[in-house]
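> below are the sequence and a predicted model; questions follow.
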Amino acid sequence: MDQAIRPSGGPDQKILMIKLGAVGDLVMASAFFEGVRQNFPRSKVSLLVSQRIFYTVQENPNIDQFILADTDAIYKAGWFSRLREVFRLIALLRKQKFDQVFVLHWAWPFNLLAFLCRIPVRVGFGRNREGLFLTHRVRTQKDRNNREAYLDLLRAVGKPVRYRKSYYYISEKEDRFLDSFVEEHRIGTGEAVIALAPGGGRNIKQTMLNRLWPVENFIALIDRFKMDGPYRIVLIAGPDDGAVIQPILERYPQCIDTRALSFGQKASILRRSRLLVGNDSAPIHIAMAMGVPTYSLWGPTHPKRYGDPLPSHTTLFKKIECSPCYNDGKFPKCDDNRCLKAITVDEVWQALQAELPRAMPQPAASENSVSVIEFPADIISVPRAVPGNPSRPTA
């Protein structure tokens, strides 16, 4: 870690955090947001975030102000629209006169943005020469868990922090939504709810459908639940997940479809779930943040870097010669995601037996390492790590 200018940490300091998204990334960064508030309790803390998903963090009490970036222009539009949005943000951020910025992106253009905004203390990730525009550079190994990597930014300015858990905050209305949901679907007091997240693989920057466990495997898993006992199946999915949700509903129309609900409403529902099984996508991060035992499926991306290290998270990852293949935001061309197809329904069902006989535990963070189920066929389970109201957004 390179240090050039020591932050003042004064009570009137204005701090900017840059993290545009996606939703899962914002959940992974939630412990960092809390760490900033705890270490700078009297500072004004702002977050530069995508206008598409800022509502997923707008209830976070650790953030005072949201500054919205047009990520459609930044990632999808032509060069003229892209530059126009960048210059708009530079002008807007300069007016704010921030004292310090934390850049939670690895790509160097965000470091350049912080430099052009004339922010004196600039803390971010510096791979090779990409930290040129920073005053405090954090160099992390590729297998460093993102949650710890974000906290490294605070450590770079001398702030002691430890990862305990991630957070997802819901509004009072979303909190009340659970009661109406349970009543609408006539879910009994002792009835077990199982959440499945068979979708994902899409964000504003790219489509990565090779991150999905085959939908026929999810259908076969529901077959197991139906044979095992009376479970209510809730499909945690988004509007773009129709290709995987529709085949499930055709086989099991009694499954509850949540595609039309907000992230906050789905988070509220998850509190009633005994467990969640899902792909590497936003729902697994939200489920962990809500204290739900989570079983996640991995292939192109590595669970050691992106999976939550809490003991209530079980990762299913089968190592083959080409996985994980995701590297610095890019996937190689892949016509056959053998890494995910190699994880069988039997192996997932075996893993779930550790949770199904028990009542769902209350949300809790543990700093102790725990034993991990041994799976056949070289499934690798990641070792456990030792571990104010927001203002209206600024357009």
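Received the coordinates, thanks.
> check what pLDDT R155 gets.
In this model, R155 is scored at 97, pLDDT.
> okay, now it: neighbour count?
16 (other CB atoms under 10 Å). For glycine as for every other residue, the C-beta is placed from the backbone atoms N, C-alpha and C.
> kindly report the same for P41.
10.
> check contacts around the residue of the chain positioned farthest from its centre.
Distance to the chain centre peaks in the chain at M227, reaching 32.5 Å (criterion: CA atoms, centre = their mean). Contact partners of M227, counting by CB atoms under 8 Å, 6 or more residues apart in numbering, are absent.
> all strands for the stretch 251-395 of the chain, in order.
256-257, 275-279, 294-298, 313-318, 379-380 (DSSP state E, counting those that start in this stretch).
> looking at these, which is closest to L212?
L212 lies closest to strand 275-279 among those, at 5.3 Å (CB to CB).
> check the separation of the first and last residues in stretch 122-131.
Start-to-end span of stretch 122-131 (CA to CA, to the nearest Å) is 10 Å.
> what's A91 sitting at in phi/psi?
Dihedral pair for A91: phi -60, psi -40, per degrees, to the nearest 10.
> contacting residues for it?
Contacts of A91 (CB under 8 Å, 6+ apart): none.
> apply 10 Å and report the result again.
Counting by CB atoms under 10 Å, 6 or more residues apart in numbering, A91 makes contact with C117.
> how does the protein divide up, domain by domain?
Following automatic domain parsing, one finds the domains of the chain at 2-155, 174-380.
> so where's the stretch 151-300 of the chain uncertain?
201-207, 209 (pLDDT under 70).
> please repeat the previous calculation with a cut-off of 80.
Counting by pLDDT under 80, the stretch 151-300 of the chain contains low-confidence residues at 200-210, 229.
> so can I have a markdown table of the strands of the stretch 251-395 of the chain showing mean neighbour count and distance to A73?
Output for those, formatted as a markdown table (neighbours: other CB atoms under 10 Å; distance: least, CB to CB, whole Å):
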| stretch | mean neighbour count | distance to A73 |
| --- | --- | --- |
| strand 256-257 | 18 | 32 |
| strand 275-279 | 25 | 29 |
| strand 294-298 | 26 | 32 |
| strand 313-318 | 23 | 36 |
| strand 379-380 | 18 | 40 |
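> out of those, flag the one nearest F40.
strand 313-318 (29.3 Å).
> ok, that closest one: who's next to it in the sheet?
Here strand 313-318 has these sheet partners by DSSP bridges: strand 294-298 (parallel), strand 379-380 (antiparallel).
> so which of these is nearest R162?
strand 294-298 (21.1 Å).
> give me the angle between the helix or strand in which the residue farthest from the centre of the chain is found and strand 275-279.
Here M227 sits within helix 215-228, counting by DSSP states H and E. In terms of direction (axes from the mean of the first three to the mean of the last three CA atoms, to 10 degrees), helix 215-228 departs from strand 275-279 by 160 degrees.
> buried residues in helix 215-228?
When neighbours are counted by 16 or more other CB atoms under 10 Å, the buried residues of helix 215-228 are found to be 215, 217-222, 225.
> all helices of the stretch 1-150 of the chain, in order?
23-28, 30-39, 71-75, 79-96, 108-116, 146-155 (DSSP state H, counting those that start in this stretch).
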